[in-house]
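A.B. asks: Prediction below, plus the sequence it came from.
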Amino acid sequence: MKAKTEYKYTIKIIPEQCSGCQACVLACSYHFSQKFGLTNNSSIQIFRNNKNGEISITYKRTSCDMCPEEEIPLCMQFCPLDAIRFTRTKK
Amino acid sequence: MFSYSGKVAWINLSDKKIFIEPTQNYKNLIGGRAVGSYLVFKEVPETAHPLSPGNILSFNTGPLTGTLAPSAGRINISTKNVATKGISFANAGGYFGPELKYAGFDHLIIQGKAEKPVYLFIHDLHIEIKSAEHLWGKDTWETEELIKKELKDEKVRVASIGQAGENLVSMSCIMFDQSRAAGWGGCGAVMGSKNLKAIAVRGTKSLKLCRPEEFMDINRKIWQRLLSTNTVRLFHKYGNFGTSGAGGIFGNLPQSVRNMEDEVWDANKTMQVREIIFKEKYEKRKLADFTCPLACSRYYHIKEGKFSGHMLEALKTNVYRAFGPNIDLDNREYILIANEMADRYGMNCDSLSSAVAWAIDVYQRGLIDKEITDGLVLPWGNGVLQLKLFNMIAFRSGFGDLLADGVYQAARKVGRGTEKYAMQVKGHGICEQGMRSHKGWALGIITSPIGGGHLAGAPNTEQKRLSAEIGERYFKVPTAGEPTTYVGKGKLVSWFDKYKAISDIVGVCVFTTYWIDTSFLGPDDFANLLTSATGEQVQGKELLDLGEKICNIEKAFNTIHAGFTRKDDFPPYKLTDIPISSGEFAGEKLSKVEWEEMLDEYYISHHWDTKTGLQTRECLVDLELDYVQDKLKRADKLPIKK
């Protein structure tokens, strides 16, 4: 009998869709600290390179708890361009 | 203080002394433009030239700056206006304002003048004054890059001036994040006059709110409301430029053509610069300012041709207008490069265009010749010439030196009847569209205390064609959405004067307010966000009252320092005498008689004297502005008795 695969849901951020506005970073900062800042309190860091318009995103999967008290994670709620999506990975 | 960083830094560049005081001292003013205008009013003597050490440069964030409120990345810059000698406030987005708060300061006030070029490095409550001699002569993009390298931190946010600010050019501005400008009033020249090349900030602190959960509940609903509107969808799809540049999405909005001679541009030229072509040929991605749900900005990449390889965040509507139709130029790439050069040199697009377009205009009319232009021939629609003139202005070389003092001063110096073609308000150059047809819009621009510009009282209700019912419900003005109607517009503009001040005070972009859409942030939304963020109970009406108070402080500054009266609230010649050539508003111009009546209504709505346009004693008493009255009295410019 084939073993049942178990999945967990997490998020992925699509850099091409991101406008670099930092709303998700602040939402995450609020979630973990009840404060607003672009600090390491957030599981997401966004950096925009003014010289070429590139946006690089760092997402710390290990520290993200998917906002268990929310229906959907706060970062998704405040992303104006739907750049943050659910994704499924094997446990 | 919740939602604030809690500190104000006074930095005197003359003696390098730094004084820190608590933000609490300005609690009643809330923040932003209110603190900036108050400090300029209080600190700058009447005798101080804008470019003298006696002027101050005040950088002001608001209590919402750096929070998750929509578009909460704004910073205000107040100073004495280089072009008008009255008040100036300019407002920029980007990421500098939040970073300043995270570094521990709500306001920075720059005084005096450094002996040699310097820049400031502000990081987590530390302020360093560093040499900028190696940066002097660099443009704003180079300056930002060099400072980041020097400080070994790519995350530093930089406010800087380019060569235009160094050379005290009247239309110079302060640039943030390469493409965000605090454009008005020559604040770049004020910074240059202080030998201050740049301010770099880096902060790792966070902002603590009084009732964060309540704030988030309110904020979440506001975001959801904004994101559900068609207006936001249009911004996402077309951006700032697409929604109102090149005649707007449907090509039927007014434009500013050939030094504001007309408002309808040649259809073929308009087609060359439609948003869809920029999108297909150059757009690399959408960009947004700090926590902005609109994402109205775009990053462009020119991939082929003469300018192959150039990349920039570009083309807000007024930049397009200024460097495209206002000089009759339909070459997309030259418009983009003009945007880049203005950013690099650090020059405000509106007042820059007003000087360049005036020069071409009066040359074409035969009022000036090659003797004045140093041998230059000035045709319309020439991208190479536009860039050459930008360079000459920024470096004050040859004919550029004349234009560098702004269109008003240039026309005064030249004379020969060129003065009436200078598109200026109170001595400050303008480049706007729709002023002949949209009467309230025009009134807001002309009565703006900073010398034109649409970011003071100019309403957007006419462009939106709001219904009488909406106009009545939101503004108590049923004609708010009727472009060509004068009646009601005085009342409407006076309301927007105080309302738009609120967004500048709290630190939120005016694009996410009623100004753009009545589903966006209104006075009560601001009040609810502020109350939960700061813990200080405030009502929407109280914020509007504060807005009115600030407008009166600014008005009094203009009376004392620049001597403005009713006569300074009149539109320039072209708008009253040259009608729109064709299209929906063919034949429209501003009627002098109806302008007078509209102006009366405007003054009455502000409780100002209709005969002189000055403030009344009763108005200042009602607003509890005793210190304003005292200063007017000392300057022998007493407010008029009713």
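C.D. replies: Nice, I can see it.
A.B. asks: Quickly list the domain ranges of chain B.
C.D. replies: As given by automatic domain parsing, the domain ranges for chain B are B:7-202, B:229-429, B:456-507+B:539-634.
A.B. asks: gap between A:Ser19 and chain B?
C.D. replies: When distance is defined by Cβ to the nearest Cβ, to the nearest Å, A:Ser19 is 4 Å away from chain B. C-beta: built from backbone N, CA, C; applies to glycine.
A.B. asks: Same question for A:Ile46.
C.D. replies: Here the criterion is Cβ to the nearest Cβ. By it, A:Ile46 lies 11 Å from chain B.
A.B. asks: Count the neighbours of that residue for me.
C.D. replies: Burial of A:Ile46 is recorded as 22 neighbouring residues (other Cβ atoms under 10 Å in any protein chain shown).
A.B. asks: so it sits in a strand?
C.D. replies: Yes. Assignment of A:Ile46 by DSSP: H, G, I helix; E, B strand; the rest coil places it within a strand.
A.B. asks: ok now do it, which residues does it touch?
C.D. replies: When the contact criterion is Cβ atoms under 8 Å, 6 or more residues apart in numbering or on different chains, the partners of A:Ile46 are A:18, A:20, A:22, A:24-25, A:55-58.
A.B. asks: which of the residues you listed are buried?
C.D. replies: With neighbours counted using 16 or more other Cβ atoms under 10 Å in any protein chain shown, the contacts of A:Ile46 contain these buried positions: A:18, A:20, A:22, A:24-25, A:55, A:57.
A.B. asks: B:Cys173 is in contact with B:Ala90, isn't it?
C.D. replies: Yes. Under the contact definition of Cβ atoms under 8 Å, B:Cys173 touches B:Ala90, with a separation of 7.0 Å.
A.B. asks: next one: the longest helix anywhere in chain B to chain centre, how far?
C.D. replies: Counting by DSSP state H, the longest helix found in chain B is helix B:540-561. Between the mean C-alpha location of helix B:540-561 and the chain-wide mean there is a distance of 17 Å, by Cα atoms, centre = their mean, to the nearest Å.
A.B. asks: what do you get for stretch B:16-34?
C.D. replies: Between the mean C-alpha position of stretch B:16-34 and that of its chain there is a distance of 22 Å (Cα atoms, centre = their mean).
A.B. asks: ditto for stretch B:495-504
C.D. replies: 13 Å.
A.B. asks: okay, now the residue in chain A that chain B sits nearest to: neighbour count?
C.D. replies: Among the residues of chain A, A:Gly37 lies closest to chain B, at 3.1 Å counting by Cβ to the nearest Cβ. Other residues within reach of A:Gly37 by the criterion other Cβ under 10 Å amount to 23.
A.B. asks: List the contacts of it.
C.D. replies: For A:Gly37, the contact set (Cβ under 8 Å, 6+ apart) comprises A:26, A:29, B:66, B:102, B:203-207.
A.B. asks: Most neighbours among those, which one is it?
C.D. replies: Neighbour counts for those peak at B:Gly66, which has 33 neighbours (criterion: other Cβ under 10 Å).
A.B. asks: Please identify the residues of chain A in proximity to chain B?
C.D. replies: With the criterion set to Cβ under 8 Å from any Cβ of the partner chain, chain A comes near chain B through A:16, A:19-23, A:26-27, A:29-30, A:33-39, A:41, A:47-48, A:50-53, A:55, A:77-78, A:80-81.
A.B. asks: In strands, which of these fall?
C.D. replies: In this view, the residues of chain A next to chain B that belong to strands under DSSP state E are A:35-36, A:47-48, A:55.
A.B. asks: So which elements touch the helix or strand encompassing B:Ile335?
C.D. replies: With elements taken from DSSP states H and E, the one containing B:Ile335 is helix B:332-345. The helices and strands touching helix B:332-345, judged by 3 or more Cβ pairs under 8 Å, 6 or more residues apart in numbering or on different chains; DSSP states H and E, are helix B:140-151, helix B:275-282, strand B:311-314, helix B:317-323, helix B:349-364, helix B:383-394.
A.B. asks: So for the helix or strand that comes right after the first one, mean pLDDT?
C.D. replies: On the C-terminal side of helix B:140-151, the nearest following helix or strand under DSSP H and E is strand B:157-160. Rounded to a whole number, the mean pLDDT of strand B:157-160 is 98.
A.B. asks: Go ahead and name everything in contact with strand B:157-160.
C.D. replies: Applying Cβ under 8 Å, 6+ apart, the set of residues contacting strand B:157-160 is B:59, B:94-96, B:99-100, B:119, B:140, B:143-144, B:147-148, B:174-177, B:182, B:197-202, B:346.
A.B. asks: near chain A too, which of those residues?
C.D. replies: B:95, B:99, B:144, B:177.
A.B. asks: Throw the helices and strands packed on helix B:332-345 into CSV and include mean pLDDT and mean neighbour count, thanks.
C.D. replies: What follows is the helices and strands packed on helix B:332-345, written out as CSV (pLDDT from 0 to 100; neighbours: other Cβ atoms under 10 Å in any protein chain shown):
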stretch, mean pLDDT, mean neighbour count
helix B:140-151, 98, 20
helix B:275-282, 94, 17
strand B:311-314, 95, 23
helix B:317-323, 94, 26
helix B:349-364, 98, 27
helix B:383-394, 98, 21
